[in-house]
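>>> Turn this into a model:
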Amino acid sequence: RLTKFAIFAWIFLFVFAFPVAAQDSTQIFCIDGDPLSGIRTAIGCINASSPGGLVNQIVNWVLGIAITATLVSIVYSGFLYVTSSGDQKKVVQAKTFLISSISGLVVIALGVVLLNFIGVRVLGLDPWGFRL
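So this is what the prediction gives:
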């Protein structure tokens with residue numbers, strides 16, 4: 001019987017590790033011969049030309065994953081609500097899960113607004129490419 005960790009490890013290997021092994025090892029830059037163009041990885045090109053660009057790309061990836069997880073949890077709470085069959089305990093559980101999911105989406109949106117305001121307007125990180 002496979003555990004959750006073993007399943008996660010196989011999925012990780014198929015998504016991230018095997019595509020890297022299949023790439024041509026001589027082409028490590030996104031644009032051939034240009035080290036400022038970024039580094040080619042299994043998840044795409046990573047901007048390595050400036051610290052701000054790298055931070056911006058990492059923040060965008062984390063935001064994408066967080067928003068996707070939030071939307072999946074909203075769909076799951078709808079599934080819980082539909083399959084509750086009128087059981088009040090399950091209906092309350094589904095509504096609580098939905099409220100928590102929407103609250104998480106609001107927190108993510110406020111985090112983006114605050115990061116953009118503090119990073120760009122207050123600290124002046126715009127010249128280094130920090131833009132959400």
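
>>> buried stuff in the strand or helix carrying residue 67?
Taking DSSP states H and E as the definition, residue 67 sits inside helix 51-82. Buried residues in helix 51-82, counted by 16 or more other C-beta atoms under 10 Å: 52-57, 59, 63, 66, 70, 73-74, 77, 80. For the C-beta atoms, the positions are set from N, CA and C on the backbone; glycine is no exception.

>>> Check which element follows it along the chain.
From helix 51-82, the next helix or strand downstream (DSSP H and E) is helix 88-116.

>>> I'd like to know the average pLDDT value across that following helix.
What helix 88-116 shows for mean pLDDT is 90.

>>> now stretch 67-85
Stretch 67-85 comes out at a mean pLDDT of 91.

>>> CA atoms only: put that stretch into CSV for me.
Extracted C-alpha coordinates of stretch 67-85, given in CSV (Å, rounded to 0.1, in the frame of the first residue of the first chain):
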residue,chain,number,x,y,z
ILE,A,67,-5.0,31.1,-5.3
THR,A,68,-5.3,27.7,-7.0
ALA,A,69,-5.5,26.0,-3.6
THR,A,70,-8.1,28.5,-2.4
LEU,A,71,-10.3,28.0,-5.5
VAL,A,72,-10.0,24.2,-5.1
SER,A,73,-11.1,24.5,-1.5
ILE,A,74,-14.1,26.6,-2.6
VAL,A,75,-15.1,23.9,-5.1
TYR,A,76,-14.6,21.3,-2.4
SER,A,77,-16.8,23.1,0.0
GLY,A,78,-19.5,23.2,-2.7
PHE,A,79,-19.1,19.5,-3.1
LEU,A,80,-19.5,19.0,0.7
TYR,A,81,-22.6,21.1,0.6
VAL,A,82,-24.2,19.2,-2.3
THR,A,83,-23.4,15.8,-0.8
SER,A,84,-24.6,16.8,2.7
SER,A,85,-28.1,15.4,1.9
